[in-house]
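Asks: My questions concern the predicted model and sequence given below.
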Amino acid sequence: MPNNYFQFKQFTVQQERAALKVSTDSCLFGAYCSNWAANKEEQPKHILDIGAGTGLLMLMLAQKTTASIDAVEIDEPSFLQAKENIEASAWHNRLQLFHADVRQFQFQYKYDLIISNPPFYEGDLKSTAGNKNVAKHDEGLKLHELLQVVKSQLTADGSFAVLLPYHRSAKFIEDAEAVQLFLNEEMNVKQTTAHSFFRSILIFGKQKEERISKEIAVKNSNGDYTNELTALLSDYYLYL
């Protein structure tokens, strides 16, 4: 049974009410996006998280950047959980969470960076819990709808980062290009050095750039975190 909370170095994520719990791949995604944003010559000033879940990604980005961060979450228990986590954090004054359907939400402005860990287990075995199906399947926000929201709300020189199953990434890249969002950076993820890819972190922009391709394994042949993963998560995980 998952823990009711996950303790990080600078914040705590309560997760008993959230549809989806903290996972290694969501932490990897948050750390990668946070490092990417923090290392940009001009850091993003306004960030949007579509599908906040526990608020994990907001908190990871807040730790590494000075941006104001908004998030939209449709599932009420997850929204209330994320609200609790945000309010307990050191960065609550620049984090804002909305309980809404992003497809109908009226945004106040456009964003320099949009991130999403979207519903993506299309065709896989579904849960009996309705909120998990909305969070993990295409019963709520469809990927093509996500792309339309991103296209509308992204600044001209902004970036969009998304975490997807590796087997769905090629089609998503194609669909994104159809709405003039171009893949500029990708990080493909393996469970171990001996496994095939199972996740993709993709970063898009409205301008075409020379594509950067990377890969990372979560664990090595000994079952320990790889040096690359440790480097990404060491600012967050308590025991790294």
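Replies: The structure has been received and is ready for your questions.
Asks: just checking, next helix/strand downstream of the lowest-mean-pLDDT helix or strand in the chain?
Replies: For the chain, counting by mean pLDDT, DSSP states H and E, helix 130-136 ranks last in confidence among helices and strands (a mean of 42). Later in the chain than helix 130-136, the nearest helix or strand by DSSP states H and E is helix 143-153.
Asks: What are the contacting residues of that next one?
Replies: 48, 50, 102-103, 107, 110-111, 114, 116, 118-120, 160, 162, 168, 172, 175-176, 179-181, 204 (CB atoms under 8 Å, 6 or more residues apart in numbering). Heads up, the C-betas are built off the backbone N, CA and C, glycines and all.
Asks: In strands, which of these appear?
Replies: The strands, defined by DSSP state E, take in 48, 50, 111, 114, 116, 160, 162, 204 from the contacts of helix 143-153.
Asks: want to try TSV for those, with distance to residue 227, neighbour count and pLDDT as columns?
Replies: Shown next, in TSV, are the ones in strands among the contacts of helix 143-153 (distance: CB to CB, whole Å; neighbours: other CB atoms under 10 Å; pLDDT from 0 to 100):
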residue	distance to residue 227	neighbour count	pLDDT
48	32	27	98
50	32	25	96
111	33	25	98
114	30	26	98
116	28	26	97
160	29	27	98
162	26	25	98
204	28	27	98
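Asks: Looking at those residues, which is nearest residue 96?
Replies: Of all these, residue 48 has the smallest distance to residue 96: 10.0 Å, by CB to CB.
Asks: Tell me if I'm right that that closest one and residue 67 touch.
Replies: No - using CB atoms under 8 Å, residue 48 is not in contact with residue 67; the gap is 10.0 Å.
Asks: Identify the contacts common to these two.
Replies: Residues touching both residue 48 and residue 67 (CB under 8 Å, 6+ apart) are residue 113.
Asks: Please report how far residue 183 lies from residue 103.
Replies: Residue 183 sits 23 Å away from residue 103, going by CB to CB, to the nearest Å.
Asks: neighbour-wise, which of these two wins?
Replies: residue 183 (22 against 14; other CB atoms under 10 Å).
Asks: buried stuff in stretch 216-231?
Replies: Neighbour counts over stretch 216-231 (16 or more other CB atoms under 10 Å) mark 216-219, 225-226, 228-229 as buried.
Asks: Now, those residues that are in strands?
Replies: Short answer: the buried residues of stretch 216-231 in strands (DSSP E) are 216-219.
Asks: list the helices and strands the helix ranked longest in the chain packs on?
Replies: Taking DSSP state H as the criterion, the chain has its longest helix at helix 24-38. If you count contacts as 3 or more CB pairs under 8 Å, 6 or more residues apart in numbering; DSSP states H and E, helix 24-38 packs onto helix 56-64, strand 111-116, strand 154-165, strand 182-192, strand 197-205, strand 212-219, helix 227-233.
Asks: so can I have CSV of the ones in strands among the buried residues of stretch 216-231 showing pLDDT and distance to residue 16?
Replies: Shown next, in CSV, are those (pLDDT from 0 to 100; distance: CB to CB, whole Å):
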residue, pLDDT, distance to residue 16
216, 98, 30
217, 98, 31
218, 97, 25
219, 96, 27
